[in-house]
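> Provided below are the primary sequence and the corresponding predicted coordinates.
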Amino acid sequence: MLQSPSLTLLRKRRREEVTSTRPQQEMKFRDVTMYLVERRMGKSRKTFLTDLARSKGFCVDDTLSDKVTHIIAEANTAHELWSWLHEQGFTDPDDTNVLDICWFTESMEAGRPVPVEAKHRLQKPSLQLKKALPAIPLPTVSQYACQRRTTLDNHNKIFTDALEVLVESAEFSENKGAYLGFKRAASVLKSLPASLHCLADAEGLPCLGEETKAIIEEIFECGSSSKVENILSDEKYQTLKLFTSVFGVGPKTAEKWYRRGLRSLEQVLSEPWVQLNRMQAAGFLYYEDISKPVSRAEAKAVGCIIEDVASCFGSGVTITLTGGFRRGKEFGHDVDFILSTAEPGKQDGLLPAVIDRLKSQGILLYSDFHESTFQLSKLPSRRFEAMDHFQKCFLIVKLWLKQVEGHREEPGSRRGWKAVRVDLVAPPTECYAFALLGWSGSTQFDRDLRRFARLERDMLLDNHALYNKTTNTFLQAKTEEDIFAHLGLDYIEPWQRNA
């Protein structure tokens, strides 16, 4: 990724020392000079604590000088703090106390420096301890998410949260290069078995460009990224994020509304020139419900409804929960199901029958049905973004909350039901394994799996098929394991695909 022209200025600004907003008050404790380590603590918290200490008569130095007697750190391990101190040229004199924030807190409460005890000290790691804390084996991390096992245990959330803001911002501005770059970087960090302790831990990791490393470095030093904070406070970003939270509203529509001066959902609804399509109208009508997460218990209840209405089609219909819930997530923005039949070709009338049954029960609030356009001669698609050609429908259904296991009625609740987004797809029997793999996600896992197939195996993979370009043949698969085997990959369980 190309380095931003402002990156050099950003680094210079980061290295400037933070100065307190309040001048030093009369010093009561002249034998104590504190230095607060901004790393992990963050700029604003350091300023606040500096002002607090000075107001109580403590001496706080803004630079790590020879006068400092007490170095105070927060949320740093002894290993990473001492590594950082050595990088600053700290000579480790015997008369300097390197302490955890708990000493500072106790001293502020007492109104005087409390005696330094063993519990306060961040002991310098011995050589043996350093050897016991090896760096993450970075060279073993693959550039492909399909060769990494990524669970929901994200040990680097502080970095991935920041990068995902940049991903969203790049998507709004249609900057595909930045979008893919930051998305791949976040995916790599999510897969790591431990937290990064310093920027050096990121050396050798794939997909981490210079701008990503600058973001990580700034978070280490200041507790946050100024670039990310600027995006989060930007009116345009906030407005586009609000508009795209409406079902059926994409970045282009959101951009158009913003350019026309709209800043709230109320303004969108009140403007005569805004013409909503059916999907957007439903999105606004049920916004209060479908903008909120769907729980696993609610997804299970929806599954029971779909299974019940599909039973009218006869025996042999299988309902499979896909998406984030199949990967182990407890919440999602909608619920996805694959409906399949044991008999080839029998799936053609399945979704229309389900829709009719939901209508007859009075619980179908919205439906958008897409007939199958599946043609083997046009497959597989070379574009990841291409929507699959199976018969599918996008629904909003009325879920009675009494059907949700463990639900407790809220005091004052009148309605007793919740609108839930549901997507259904009915692939041909021979495509079931490919559809299951694609609809299970995650998006980045699927993207990298297809990229791996193309670049490493000279094959084309999508939701419909796997095509070997060398032999000009379609490879058959009854299970996801078959697809991984064709690609020469170790099988990765759904709960390990949260890339």
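Perfect, I can see it now. Residues are numbered from 1 along each chain as shown.
> From what I see, Val167 and Phe182 are in contact.
Yes: using C-beta atoms under 8 Å, Val167 is in contact with Phe182, at 4.7 Å. C-beta: built from backbone N, CA, C; applies to glycine.
> Between these two, tell me which one has more neighbours.
Between Val167 and Phe182, counting by other C-beta atoms under 10 Å, Phe182 is the more crowded of the two (28 against 20).
> pretty sure that one belongs to a helix, no?
Yes: the assignment for Phe182 (DSSP: H, G, I helix; E, B strand; the rest coil) places it in a helix.
> OK, contacts around it?
Phe182 makes contact with 163-164, 166-167, 170, 212, according to C-beta atoms under 8 Å, 6 or more residues apart in numbering.
> let's go with 7 Å and repeat that
Contacts for Phe182 were tallied using C-beta atoms under 7 Å, 6 or more residues apart in numbering; they are 163, 166-167, 170, 212.
> Check for me that Ile355 belongs to a helix.
Yes: counting by three-state DSSP, Ile355 is located in a helix.
> Now do it against Glu109, distance only.
Applying C-beta to C-beta, to the nearest Å, the value for Ile355 to Glu109 is 65 Å.
> ok, and the most crowded of the contacts of Phe182?
Neighbour counts for those (other C-beta under 10 Å) peak at Leu163, which has 26 neighbours.
> Quick check: phi and psi at that residue.
Torsion angles at Leu163 (phi, psi; degrees, to the nearest 10) stand at phi -70, psi -30.
> how about a markdown table for the contacts of Phe182, with secondary structure, pLDDT and distance to Val60 added?
Listed next are the contacts of Phe182 as a markdown table, based on DSSP: H, G, I helix; E, B strand; the rest coil; pLDDT from 0 to 100; distance: C-beta to C-beta, whole Å:
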| residue | secondary structure | pLDDT | distance to Val60 |
| --- | --- | --- | --- |
| Leu163 | helix | 97 | 33 |
| Leu166 | helix | 97 | 34 |
| Val167 | helix | 97 | 38 |
| Ala170 | helix | 95 | 40 |
| Thr212 | helix | 95 | 34 |
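> Using JSON lines, lay out those together with distance to Lys359.
Listed next are those as JSON lines, based on distance: C-beta to C-beta, whole Å:
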{"residue": "Leu163", "distance to Lys359": "43"}
{"residue": "Leu166", "distance to Lys359": "43"}
{"residue": "Val167", "distance to Lys359": "38"}
{"residue": "Ala170", "distance to Lys359": "41"}
{"residue": "Thr212", "distance to Lys359": "49"}
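> Widest-spaced pair of those?
Greatest spatial distance in those: Ala170 and Thr212, 12.2 Å, computed using C-beta to C-beta.
> Ile355 and Glu109 - which one has more neighbours?
Ile355 (17 against 9).
> my guess is that one meets Cys393, correct?
Yes: counting by C-beta atoms under 7 Å, Ile355 touches Cys393, with 6.3 Å between them.
> Which stretches in the stretch 351-499 of the chain count as helices?
432-440, 443-457, 480-486 (DSSP state H, counting those that start in this stretch).
> winner for burial among those helices?
Ranked by mean neighbour count under mean count of other C-beta atoms under 10 Å, those are led by helix 432-440, which reaches a mean of 22.
> Give me the angle between it and helix 443-457.
Counting by axes from the mean of the first three to the mean of the last three C-alpha atoms, to 10 degrees, helix 432-440 lies at 130 degrees to helix 443-457.
> Can you report how many residues lie near Glu343?
By the criterion of other C-beta under 10 Å, Glu343 has 9 neighbours.
> How about Met27?
Neighbourhood size, Met27 [other C-beta under 10 Å]: 14.
> Not counting residues beside it along the chain, what's closest to it?
Spatial nearest neighbour of Met27, excluding adjacent residues (C-beta to C-beta, 6 or more residues apart in numbering): Cys59 at 5.0 Å.
> And the one you found, how far from Ile71?
For Cys59, the distance to Ile71 (C-beta to C-beta) stands at 13 Å.
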